[in-house]
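K.L.:
I need the structure of the sequence given here:
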Amino acid sequence: MMISDKFQSLRDRQQCALIPFITAGDPNLETTAEALVILDRHGADFIELGVPYSDPLADGPVIQAAATRALQKGTKLKQVLEMLQTVSPSLKAPIILFTYYNPILHRGIKPFLAEIATAGVQGLVVPDLPLEEAEELIQTAASFGIEIILLIAPTSSKDRIEAIARQSQGFIYLVSVTGVTGMRSQLQERVKHLLTDIRSITNKPIGVGFGISAPEQAHQVREWGADAVIVGSAFVKRLAEDSPIQGLQAIEQLCRELKTAITSTPLQQVGLLK
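P.N.:
A predicted model of the protein is given here:
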């Protein structure tokens, strides 16, 4: 099932998707594999997997630190894809790979897409690839059954939002804050208005990410009309704390809490707000 098809299935059931993000190789690839299985079993509708990169322009301090640790342990894209090829057949949640453009350019677009398709990847986010240069990747990816998900920033103009909405596949990734990824205590009210603006332009699903870390924030985004809630730094932080076993237990709990938050109303009934 393609990402767009799964979103349609979720919409038919009036469900909001949960998309956790973790960094491959932190604390190690064995734990990453276990984390994918745990997230898949405990509420993830899709899973975004970050490839560690040395110059992560869009990543905040938590994910940057995770990528640095993974790189220091020798984690490479080839190893990440080998791990995915082993694990992905057992997962219900489609895998969305998050990578910067340099690894794609280094391998060549077609060989890169062939590699990740073989590993079971179904979606791709490339945060440093501008819309104006994305056409070749989008067209080539289609032949491999991979959907290219484009990002809309809070500062995007209406014309640019329209252009990105036309080209984005699978869903539209709405960045909730200006700046890099990371945990925020409050979401900007502007997200609500951006969701309305984008919805007036396109019927494609919209996922909101960057800055969401708590169940009440996830619930708020769903109430504002998002089709998906994307949570990164909170998962990465918990997975890196203490031992790998404790980290896996922590992300399981967070995944359960976030899933409950986007499927229950009001939050007081499920004990997530006091």
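K.L.:
ranges for the helices of the stretch 51-200 of the chain?
P.N.:
In the stretch 51-200 of the chain, the helices defined using DSSP state H, counting those that start in this stretch lie at 61-72, 77-87, 101-107, 109-118, 135-142, 158-167, 190-201.
K.L.:
Give me whichever of these is most buried.
P.N.:
Among the helices of the stretch 51-200 of the chain, helix 61-72 has the highest mean neighbour count (mean count of other CB atoms under 10 Å), at a mean of 20. C-beta: built from backbone N, CA, C; applies to glycine.
K.L.:
Any idea how far that helix is from the middle of the chain?
P.N.:
Mean-position distance between helix 61-72 and its chain equals 17 Å (CA atoms, centre = their mean, to the nearest Å).
K.L.:
Could you do stretch 96-113 as well?
P.N.:
Taking CA atoms, centre = their mean, one finds the center of stretch 96-113 at 17 Å from the center of the full chain.
K.L.:
now do stretch 19-36
P.N.:
Centroid separation for stretch 19-36 versus its chain: 13 Å, with CA atoms, centre = their mean.
K.L.:
Just the buried residues of that stretch, please?
P.N.:
19-27, 29, 31-36 (16 or more other CB atoms under 10 Å).
K.L.:
In strands only, show me those residues.
P.N.:
Judged by DSSP state E, strands contain the following of the buried residues of stretch 19-36: I19, P20, F21, I22, T23.
K.L.:
so which two of the residues you listed are the farthest from each other?
P.N.:
Farthest-apart pair in those is I19 and T23; separation 14.5 Å (CB to CB).
K.L.:
Helix or strand, whichever it is, which one in the protein has the lowest mean pLDDT?
P.N.:
For the chain, counting by mean pLDDT, DSSP states H and E, helix 190-201 ranks last in confidence among helices and strands (a mean of 91).
K.L.:
re the thing from before, out of the buried residues of stretch 19-36, which is nearest to A165?
P.N.:
Nearest to A165 among the buried residues of stretch 19-36: I19, at 18.6 Å, using CB to CB.
K.L.:
distance of the closest one from L150?
P.N.:
Here I19 is placed at a distance of 15 Å from L150 (CB to CB, to the nearest Å).
K.L.:
next one: F144
P.N.:
Separation of F144 from L150 (CB to CB) stands at 17 Å.
K.L.:
With neighbour numbers in mind, choose between those two.
P.N.:
Neighbours of F144 and L150, each counted by other CB atoms under 10 Å, are more numerous for L150; the result is 23 against 18.
K.L.:
on that earlier part again, among the buried residues of stretch 19-36, find me the one that's closest to W224.
P.N.:
I19 (16.1 Å).
K.L.:
Output the below-cut-off pLDDT ranges for the chain.
P.N.:
Applying pLDDT under 70 to the chain flags the ranges 56, 58, 177-188, 265-274.
K.L.:
Mind telling me which residue is nearest the centre of it?
P.N.:
The centroid of the chain falls nearest to E48 when counting by CA atoms, centre = their mean (3.8 Å).
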